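got a predicted model here, sequence first, then my questions.
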Amino acid sequence: MIIVVIGAQWGDEGKGKIVDLLAERFDVVARYQGGHNAGHSVQVGSSSFVLHLLPSGIVHPGKTCVLGNGMVIDPKAFFDEADRLAAQGISVTPERVLVSTRAHLILPYHRALDHTSEERLGNEKVGTTLRGIGPAYEDKAGRRGIRVADAVVPSVLRSRIERNLEDANRIIVAYGGEALDPDEIFSETSRLAERLAPFIADTTRYMNRAAREGRTILIEGAQATLLDVDHGTYPFVTSSTTTAGGACTGTGLAPHRITGVLGIVRTYTTRVGEGPFPTEMLKGEEELGQLIRERGREYGASTGRPRRCGWFDAFATRYAAEINGFTSVALTKLDVLDALDEIKVCVGYRLDGREIDSFPAVSQDLRRVEPMYATLPGWKSSTEGVTDADKLPSKARDYIEFLSREIGVEIGLVSTGPERGQTIIYGDSALGRWLST
Ligand code: IMP
């Protein structure tokens, strides 16, 4: 069984908890794209973990964690995270963490270029996490990237750093920054590469062997569908394939190996960074937005930025369901809506007065669309910690059914709080079956 888990919106849907819940049933947990721009919060009992680079499976002893070839890895961030986890009693050892030889490295000049690029864009900036993700993927596509396997060959590492830094420094200096020193970057990277060496593996071979041997694999997406470099709200996106197709290219597993795709969908929508957001709670709804932000603790796990909050967007989520082929959906943060009198759901978009049926490709159009809302009554009672669907207020059940109908996918799970146990699982769903095998 190989399951891919994907966020359906702009990220922060609560994947961390769901992946953590699923991880118990799986032998291997892998990531396939992105880097330490992700921020997955996992709550286990009274301990809370924030993961940026490592798959959420790391908090489960005995699970193998794979950082796939599609990722961009900052070796310093890797060891900072490993050290933080070690202080919390979680050991990140080469026996259980494999880093792909083919993943690309994020080096200090990528971070500097991320800053420069955002400054150059001014008002049009993307609002990136400034972790160097975009510039590292630019180098990958430009065929000048430095891969993990290159880092342990000093002569290769030195010559690539020197060559790349020549160009990078020109841009950094032209925009008022300070030139970076190739010797310093080389010696720091070599030191980190030495420490990384025991973790480096041919993860493609490992994943395919695990699949052949019938081991269960959970493939964890980071960021989310609408941040996908092809299908997302370009150019306000991240630089990788966050959608389900990326799970194959980013791990080296063939498409027919995938058993199913689980969409993580939150009962409302948020977005960090810039870019169009049709259902954002703006004029006249700022207070509601603030209420959701506080109740849902909607502050970036990576950057601490307050997240922009908005109503559930069924139109965008239908689009996400189609691209990813969601087999089942986990609906998160139901309890955050407990306090609302009424709940709006965007069921369609109008552009220039006409209803449209395809998700706008041009971000200016997406800024102009008028969401068409259905209004549902709130349930005004606590759903926190409910574990049995029959114990939910009937209006909360109606809301869940409405969302499922609108996005055209079954709901396999509803999350009613941050802890593992605060979950309703629908046993007759595909997700229910995956969890019971
Ligand atoms: P980058 O991935 O740092 O290049 O940022 C590109 C866009 O993706 C920005 O709008 C970020 O706020 C957004 N982004 C990146 N990672 C995450 C995440 O884990 N959750 C939500 N948004 C993210």
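Okay, I see it. Everything numeric in this text was worked out from a predicted model, so none of it was measured.

residues from this structure in reach of the ligand?
For the chain, the contact set with the ligand under C-beta under 6 Å from any ligand atom comprises 11-12, 37-39, 126-129, 131, 133-134, 222-223, 227, 236, 238-239, 272-273. Every residue, glycine included, has its C-beta placed from N, CA and C.

ChimeraX command to pick out the buried ones of the residues you listed?
In ChimeraX, a selection of the buried entries from the residues of the chain next to the ligand looks like this (16 or more other C-beta atoms under 10 Å):
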select :11,12,37,38,39,126,128,129,131,133,134,222,223,227,236,238,239,272,273
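
narrow the residues of the chain next to the ligand to those in helices?
Using DSSP state H, the subset of the residues of the chain next to the ligand located in helices is I133, G134.

touching stretch 421-429 from outside, list them.
21, 328, 335, 384-389, 392, 410-416, 431-432, 435-436 (C-beta atoms under 8 Å, 6 or more residues apart in numbering).

show me those that map onto helices.
L21, L431, G432, L435, S436.

measure the nearest residue to the first one once chain neighbours are set aside to the ligand for me?
Nearest residue to L21, sequence neighbours excluded (C-beta to C-beta, 6 or more residues apart in numbering): R420, at 5.5 Å. In this view, R420 and the ligand are 21 Å apart by C-beta to the nearest ligand atom, to the nearest Å.

in the stretch 301-437 of the chain, which residue sits closest to the ligand?
Closest to the ligand within the stretch 301-437 of the chain is S302: 6.1 Å, counting by C-beta to the nearest ligand atom.

verify the stated contact: that residue with H52.
Yes: with contact defined as C-beta atoms under 8 Å, S302 and H52 form a contacting pair (6.1 Å).

what residues are up against whichever residue of the stretch 201-350 of the chain sits closest to the ligand?
Nearest residue of the stretch 201-350 of the chain to the ligand, counting by C-beta to the nearest ligand atom: G273, 2.5 Å away. Residues near G273 by C-beta under 8 Å, 6+ apart: V126, G127, T128, T129, F236, R305.

quick one: contacts for the second one?
Contacts for G127 (C-beta under 8 Å, 6+ apart) come out as E118, F236, V272, G273, E274, G275.

output those as CSV; include the columns pLDDT.
Formatted as CSV, the contacts of G127 follow (pLDDT from 0 to 100):
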residue, pLDDT
E118, 93
F236, 94
V272, 90
G273, 85
E274, 88
G275, 92
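
returning to that earlier point: show me which of S302 and H52 is the more surrounded one.
H52 (22 against 18; other C-beta atoms under 10 Å).

returning to what we had before: is it possible to mark the buried ones in the contacts of stretch 421-429?
Buried by 16+ other C-beta under 10 Å: 21, 328, 335, 386, 392, 410-416, 431, 435, out of the contacts of stretch 421-429.

of those, which belong to strands?
Counting by DSSP state E, the part of those found in strands is S328, I411, G412, L413, V414, S415.

and those, which is closest to V44?
Nearest to V44, judged by C-beta to C-beta, of those is S415 at 14.7 Å.

got a pLDDT number for the closest one?
We have a pLDDT of 97 for S415.

what do you get for the one 5 residues further on?
For R420, the pLDDT comes out at 86.

ok, it - contacts?
R420 neighbours (C-beta under 8 Å, 6+ apart): K17, D20, L21, Q43, V44.

which pair in the contacts of G273 spans the largest distance?
Greatest spatial distance in these: F236 and R305, 14.5 Å, computed using C-beta to C-beta.

which neighbouring elements make contact with the lowest-mean-pLDDT helix or strand in the chain?
Within the chain, no helix or strand scores below strand 40-44, which has a mean of 79 by mean pLDDT, DSSP states H and E. Here strand 40-44 touches helix 15-23, strand 47-51, going by 3 or more C-beta pairs under 8 Å, 6 or more residues apart in numbering; DSSP states H and E.
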